[in-house]
Structures are given as C-alpha cells and as structure tokens.
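K.L.:
Whatever this is, show me its structure:
(chains A and B, ligands or ions: 1)
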Amino acid sequence: MNKEIGTEDLLRTKDMSLNKPQLPRKKKPVWASPWGYAEGWLFVAGLLITGLALQLVSGGLSAQTLSWPVNLYVGLVFTGLIVLSWTFFRKNSLVNWLARVPAAVTSIAMITFLVLIMGFTLQEDAGNPVWVQKLGLSNMTSSWPFLFGMMFFMASLGMATMKRLTPMKGRNIGFFLNHAGLYIAIMAGLLGAADLQRVTMDLHEGEVVWGSVDRQGHYMDMPFAVELERFNMEEFNPKIAVITTNDGRIVPESISDMFEIEKGHHGNLIGWKVEILEYHKMSGRIDGRFEPVVDYGAPPSALVRVTDSHGQQLEGWITSGSFMYPHQLLQIDREHSVAMTIPQASHYSSDVVIYTPAGDLIETRIEVNHPASVNGWRLYQYSYDDRFGKWSSTSVIEAIRDPWLPVVYLGIFMLIFGSVYLMTLGKAPEKEEEPASGQNSSERIGDEKEATLNDSPADNPKRVNEPEPELAGV
Amino acid sequence: MMPIDPTLFTIAAIVLWALGMLFFLIAGERKVIKFLAHGSYLAGILVLVVFTWMLWDMLGRPPMRTLGETRLWYAMFLPVVGYATYIRWDYKWILHYSGAMAILFLVINLIYPDNYDRDLMPALQSIWFVPHVIVYIFAYALLAAATIVAIKGLIIHYTGRMWSWNMQLADNLVYLGLGFLTLGLLFGALWGKEAWGHYWMWDPKETWAFLTWIGYLAYIHYRYHKPKQITTAMWVLAGAFIILLIAWFGVNYLPSAANSVHTYS
Ligand code: HEM
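P.N.:
Model (predicted):
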C-alpha cells in the first residue's frame, strides 16, 4: 500500500468532502486513453468469442505440443515481450493499461468466469452433452478460451510486476514477492504440464520390474528397476454396526453410533446395547467359536452381547470375513443384524530395492505421503490388490517426473513470504465520532479519507477528479 | 462408546456465549456486568478449546477429518477473531455477529452429530494436515467476519439509514484472511505433491478453493483502485463468501465432483 500522499491524493481528498455537491461524471469515450474497465470487458468478450470460435473449428489443445524445449521458448518469448514492451512502449495505451488495475480486475473476472463454469461441469467428456464437449467446457484447462484468458491474466500480472520493478524500490518487495511469485509459479506450472510424466509400475513380490505404463496404457522402459520385497499393511480395528439382514446395508441412523471393536468397548446402536466380550485380530473358527490363529487370510472376529430395550440378551460371534472366509452376522430381530465392518487400512507401504543403470542399489520403503526419489523421478505408493487387502503380494507404484518443479516451488515460496506481507497491510481506521448520522456511538466509523489509496494517479490524472456516484447524491 | 459427551460441551459453549453477548448488550458503564461479559465470552471459547483438545486426545488423530469437525474449529476461531477485533478496534457489534455465527455452527453440529469414530485414511496422515486445515479455517473465520462488515454495510446502504460505511475494517480482515487463505492453498499444494504426486490437479475441491481465492483477490485490487466505490466492493465481498461456502460445504453435492479425490464428508 502506498503510504505517501501525493498532490493527486490531496486533490482527491478535497474532492471527497462529502457534503459538497458533486458534478455529474463525464463519460470518457471507449478506446480513448487511458483505457479502463469498459475496454477490459470488451477485451474479455473479444477473447471469449475468438476462443470459442477457434475451439469449434479446431478442437481443443494438447499439452504435448508444448513439450521441451518449445515450452521454454514460449515462456521466454512471452516474458521477453512483456519486459521489452514495458521498457520501450510503456506510454502505449495497451501496455500501460495492462499494468493497471482495470486490466487486472477484468482478467481476474475472465478467469473466474471460466473456472466457475469448470466448477459446475464434470471435467471429462463422458456424461456431458455434445455442445458442452464441442465448446471445450468439459476440458476447460485445455481449451482455447482458457488459454486466451490465461494469456491476458499473465500479461496483466507480468506488466504490473514490471511497473513496480522499474525503478526498483525497497518498499515494493512485498508486491514483488506476490506478483512475481504468482507469475513464476503459474508460468512454470502451465508450461511444465507438457513435460510432466506420470506412469505406474505393477510390482509383484520378488520380481524385478523395468517397465511402466502411462495413463493411456503405453508401455515405457524406466531408467531404473524396482523389486518389491514386501508389501505391508496395518489396519484399524473394524467397527460394529447395525445392518439390514437382507441386503447388508448399514442402517443410516446407526452410522453416527458405529464404534470401534475392542475387547471391553460397549455402546448403544439405535436402541440396542452392545458389548464386545472378546476380540481377535486374526482368528479361525473352531466348533462354532473363534480362536486366535496366525494364518493366511485369517479374518478378525468378536464375541458380542446385545441387550434390547426389554432387557433380553443375546450373545454370539461375528466376523467381517476375508477373501478366504465368509462373514458372519448376529441377527437381532426380524430385519436387523449386528455386523463387523471390513477393517480399513491405517498404513500401507512397499519395501523395495531400486536398481539404477549406474549399478547403485537402493533399499527403501515407499509409503503414502513418503515418496522415494531416484534419478529425477519420484516414486509414490499408489495402490495394491484390494481383493487381498493386507495379504496382497502386489503393489502399484506411481513414478512421476516433473522437471519444472523447482521453478514452481520458487514461485510458491515467494508467495508464502508474500502472503505474510499481505497480513501486515491492515491499518487502524481513524476513530471519529459521526454525530447525527443515525449511528450507534459505540461504532467508530473511521474517516473516509483513510480508505483512500493511491491508484498511481500519475497514470490517470483525470480519474482523480471524478466523483464516485454513490457518494455524489448526498 | 464416546467417553466424553460432545453435547455437554457444545451446550456449555453456546450458553456461555449467549450470556456473554447478553451482558455486553446490557452492560453500559457497569463494571461488574462488563467483567461478566468478557469472562463469559472467553469462557465459551475456553470450553471449546478444552473440548477440542480432549477430542484430539481421545481420537488419537487431529479432529479435522469431517465437516462437523471443521465446523467445530470454525466455531472456536470465529469468536476469537470477533473478540480480537473488538479489543483491537472497539467494534462491539462484531462480537455479537461472530458469537451468533459460532452458535449457529455448533447448533448444526448438535442437529447432525458427527461420527467421531472415523478412521484417518493414510493420505491424510501427514505433517501438512494440521497446518493446512487450521490455516484454512482461520482464514474462513476472518473472511466471515469481513462478510459481516459488508452485509451490515449493505443493509445500511439499502435501508438508507446512512450514506457512508467505512470499509477499513473489512479491508483489514480481508488482508489477514486472504494471507491465511493463500497459505492454506499453498500448503495444500505442497502436501498434494507428497500425497498425490502433483501440486495441482484441478480437482473440484481445488477448483473451488481457487475460485474463493481469486474472488478475494478481485476484491483487494478493486478496493485499491476504487476506494470510494463501496457498494460494488461490498457485493464482491458477499459473492466471494458464497463461493467460499460452496468450496467448503457445497462441492460434495455438485455434479462436477463425481470423482473428487477429496472424499471429505
Ligand atoms: C498472490 C496474488 C496477489 C496478491 C496478494 C496481490 C496483492 C496486491 C496488493 C496488496 C496490491 C496493492 C499495492 C500494494 O500494496 O503495493 C496490488 C496491486 C496490484 N496488483 Fe496485485 N496481487 C496479486 C495478484 C495479482 C494479479 C493476478 C494481477 C493481475 C492479473 C495483479 C495486478 C495488480 C495491479 C495491476 C496492481 C496495481 C499496481 C499499481 O498500480 O502500482 N495482482 N496487488
């Protein structure tokens, strides 16, 4: 925020003496310098119409056309054009306008409009009407209107950054962190999308795997090999719930009453008192009872006691079953049973050995939220064979390469510092009693002056003298 | 099964805030009642802090998993923001609005009790989880307070009781709120890289988070440029908050969210 008060500010402040009758606003003809909001909206309309027309004629865009090194050149040329045009043509209507708020606000509005459409439309072709697909609305981020919107947005953002960068001033550091940071992060993210590689590797215990497949199913050799030593999974204890015996659905009213099974736990499930008398994490059925066993596919089981509202009691074993054994319910009335839910994974991970062509051998664990890195790739725990759950002997690893990531992170860290700067921008309103305006005296309404900020009026001296319509009528 | 009863704590907080607000209304210059007002309002916050802490301890995971749990944090932060605003700038009315909003959120939690017994899926088990959620909910609380300023201003404007409304308080709250919102967004991006492999995927939840962010961005730029066009600015602020609410609660119900990875219930 600009704290100095220039002569223009004084002008404006005087102009705001609110009781003074105001002259009606004189309209500036459209496309007369300096451009403002009207030109911005026309610009947006033009971009939207051109973009939609191109979309209809040529279909959408493909990120791959921009792959290395084309994306680097595009980024350099775009940024270079901004730097050059600000350096040499800053008096030009377009260049000057791009560096000011009306262009910023209208380009932000255009992006908001497009992303809003995206927010309401399922982003894939299946399930959308043909006209939505044809206009590219179901593939917004690779549509022409979106590309044009982004170019307008980035041109405005870049030009604003240039404007505050020249001449360089220490007090603009916060502005620079926010605006240049955002420019760098978005530019690198957009351009880098073409170089982003995401593939999956299906690992089976004891097999060395060099190959991967991408989302389209194309096979690719990897610059390293991975061998799965072991897939590990830990589970939460299962829950107990009331279900309808016929179709096995959890009774909705009982969802908030479901509780974790553990010896000694008890609770109320829609009117039935339920106690857990025994619990085995892995068990086998012996003469109608369950006993703890350690065996492939052995399911958890619990002995429960159910008491109904009349005090009648019922006891029995339940199990969620597993891929090898059936589940078992305890029927509590004609329609309902208590059942054990299938245990959910709390952690899962793959112990792997990674072999590189250089002959290195890396033993590591890949876990959700803890990827491993090798030769510019990051390896993520992706999935496993959920039919077998914790007995799965396969694990799927996703390998991702994103060479532009460091640039994106540079932008992100600039923005993190920039947002801290943003938090310091607030100022205390000047306290001033406003008599006779119908206000509660405990509400201190600050001086209007305080809200007046400097819109670099040097660019736009005329606007300073314009009254604001909602204040003019007073 | 729940060893602590959420209803009891929730009702205690509601009653304390309601009492605090009542005392603030009737206190006038009476010292004792003023003291009771502050005490009661703060005690309400304290009750929720204690409850949240106990809940965290009991669940063995941060209570930020479900919508009900995020409402709990919101109901805790909003009076904090309101009280701090009151202490800092002496706007008494904001205590009442933020108190009322917090009570509303707790009442929603009473009507739709949460299943606190939900497991924390592996993707959420990350050092980013707590900072990401806290920063977001705090931003939401600040921006809600800013919206309250705007709505009060709009009502005054359209009922013609007053011809000017100072937006400095709204601006201050938005600067703070947008700062936290940006942090939340960026923490989310950094976390996304660790958990899902990419920092931004235009998932519906992310799309709406972006819309919220850019809405407030439009507000600060418009304010900077046209500080006197207060009515338009207030409408922008109100609109941005609607987008915020969709991002928070509404996304799950949108057709576009059919295959969101943020299975947040
Ligand atoms: C992280 C996002 C952003 C933040 C936090 C931010 C913040 C700000 C702030 C606080 C100001 C007031 C000037 C100052 O305090 O020095 C400002 C001015 C401005 N911003 Fe942004 N902004 C952001 C993104 C953008 C974008 C995306 C654009 C363009 C599309 C833009 C264009 C401008 C322009 C043109 C000005 C006026 C500069 C001048 O006249 O000197 N900003 N911004």
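K.L.:
For residue 237, list the residues it contacts.
P.N.:
Let's take chain A. Neighbour list for A:Asn237: A:Glu260, A:Ile261, A:Glu262, A:Tyr279, A:Lys281, A:Pro300, A:Pro343 [criterion: Cβ atoms under 8 Å, 6 or more residues apart in numbering or on different chains]. No exception for glycine: its C-beta is placed from N, CA and C like everyone else's.
K.L.:
could you do chain B instead?
P.N.:
By Cβ under 8 Å, 6+ apart, the contact set of B:Leu237 is B:Ala146, B:Thr147, B:Val149, B:Ala150, B:Ala170, B:Val174, B:Tyr219.
K.L.:
Same list, the contacts of A:Asn237, but as CSV with secondary structure and neighbour count please.
P.N.:
Below are the contacts of A:Asn237 laid out as CSV (DSSP: H, G, I helix; E, B strand; the rest coil; neighbours: other Cβ atoms under 10 Å in any protein chain shown):
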residue, secondary structure, neighbour count
A:Glu260, strand, 17
A:Ile261, coil, 24
A:Glu262, coil, 12
A:Tyr279, strand, 22
A:Lys281, coil, 14
A:Pro300, coil, 23
A:Pro343, coil, 22
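K.L.:
Which of the contacts of B:Leu237 ranks first by neighbour count?
P.N.:
Using other Cβ atoms under 10 Å in any protein chain shown as the neighbour criterion, B:Val174 leads the contacts of B:Leu237 with 30 neighbours.
K.L.:
That one: which element?
P.N.:
Per DSSP states H and E, B:Val174 falls inside helix B:168-195.
K.L.:
what about that helix, average pLDDT?
P.N.:
The pLDDT scores in helix B:168-195 average 93.
K.L.:
that older thread, among the contacts of B:Leu237, which lie within helices?
P.N.:
Mapping the contacts of B:Leu237 onto helices (DSSP state H) picks out B:Ala146, B:Thr147, B:Val149, B:Ala150, B:Ala170, B:Val174, B:Tyr219.
K.L.:
Let me know the pLDDT of the residue in the stretch 301-450 of chain A that chain B sits nearest to.
P.N.:
Residue of the stretch 301-450 of chain A nearest chain B, by Cβ to the nearest Cβ: A:Gly426 (3.3 Å). pLDDT, A:Gly426: 77.
K.L.:
Any stretches of the stretch 1-150 of chain A with poor pLDDT?
P.N.:
Regions of the stretch 1-150 of chain A meeting the criterion pLDDT under 70 cover residues A:1-26.
K.L.:
Mind checking what secondary structure the residue of it found nearest the ligand has?
P.N.:
Closest contact between the stretch 1-150 of chain A and the ligand, by Cβ to the nearest ligand atom, is at A:Ala104 (3.5 Å). When classified by DSSP: H, G, I helix; E, B strand; the rest coil, A:Ala104 comes out as helix.
K.L.:
ok, it to chain B distance?
P.N.:
In this view, A:Ala104 and chain B are 5 Å apart by Cβ to the nearest Cβ, to the nearest Å.
K.L.:
Surely that residue and A:Ser156 touch.
P.N.:
Yes. The criterion here is Cβ atoms under 8 Å, and A:Ala104 meets it with A:Ser156 at 5.0 Å.
K.L.:
what residue of chain A is the furthest out?
P.N.:
Relative to the centre of chain A, and counting by Cα atoms, centre = their mean, the farthest-placed residue is A:Asp287 at 53.4 Å.
K.L.:
Over to that residue: give its phi and psi.
P.N.:
Backbone geometry at A:Asp287, expressed as degrees, to the nearest 10, gives phi 50, psi 50.
K.L.:
contacting residues for the residue of the stretch 301-450 of chain A closest to chain B?
P.N.:
Residues in contact with A:Gly426, defined by Cβ under 8 Å, 6+ apart, are B:Asp171, B:Asn172, B:Leu173, B:Tyr175, B:Leu176.
K.L.:
Out of those residues, which end up buried?
P.N.:
When neighbours are counted using 16 or more other Cβ atoms under 10 Å in any protein chain shown, those contain these buried positions: B:Asp171, B:Asn172, B:Leu173, B:Tyr175, B:Leu176.
K.L.:
which residue sits closest to the first one, ignoring its sequence neighbours?
P.N.:
Meaning B:Asp171. The shortest distance from B:Asp171 to any non-neighbouring residue, by Cβ to Cβ, 6 or more residues apart in numbering or on different chains, is to B:Arg223 (6.1 Å).
K.L.:
Do you know the pLDDT at that neighbour?
P.N.:
Here the pLDDT value assigned to B:Arg223 is 93.
K.L.:
Look up how far A:Leu425 lies from it.
P.N.:
Separation of B:Arg223 from A:Leu425 (Cβ to Cβ, to the nearest Å): 11 Å.
K.L.:
what do you get for B:Met201?
P.N.:
31 Å.
K.L.:
quick one, which of these two is more surrounded?
P.N.:
Neighbour count, other Cβ under 10 Å: between B:Met201 and A:Leu425, A:Leu425 has more, with 16 against 12.
K.L.:
Spell out the secondary structure type for the more buried one.
P.N.:
Taking three-state DSSP, the label given to A:Leu425 is coil.
K.L.:
In space, what's closest to it - neighbours in sequence excluded?
P.N.:
A:Leu425 sits nearest to B:Tyr175 (Cβ to Cβ, 6+ apart), 4.3 Å away.
K.L.:
Tell me where the model's unsure across the stretch 301-450 of chain A.
P.N.:
Within the stretch 301-450 of chain A, the stretches with pLDDT under 70 are A:428-450.
K.L.:
does any bit of stretch A:151-159 sit next to the ligand?
P.N.:
Yes. Using Cβ under 6 Å from any ligand atom, we find that stretch A:151-159 touches the ligand at A:Phe153, A:Ser156, A:Leu157.
K.L.:
tell me which element residue 88 falls in.
P.N.:
This is for chain A. helix A:70-89.
K.L.:
meant chain B, my bad for not saying
P.N.:
helix B:67-89.
K.L.:
buried set for that helix?
P.N.:
Buried residues in helix B:67-89, counted by 16+ other Cβ under 10 Å: B:67-83, B:85-86, B:89.
K.L.:
now for the helix or strand just after that helix, which elements pack on it?
P.N.:
Where DSSP H and E defines the elements, the next helix or strand beyond helix B:67-89 is helix B:93-111. Helix B:93-111 sits against helix B:6-27, helix B:31-59, helix B:67-89, helix B:129-159, with contacts defined as 3 or more Cβ pairs under 8 Å, 6 or more residues apart in numbering or on different chains; DSSP states H and E.
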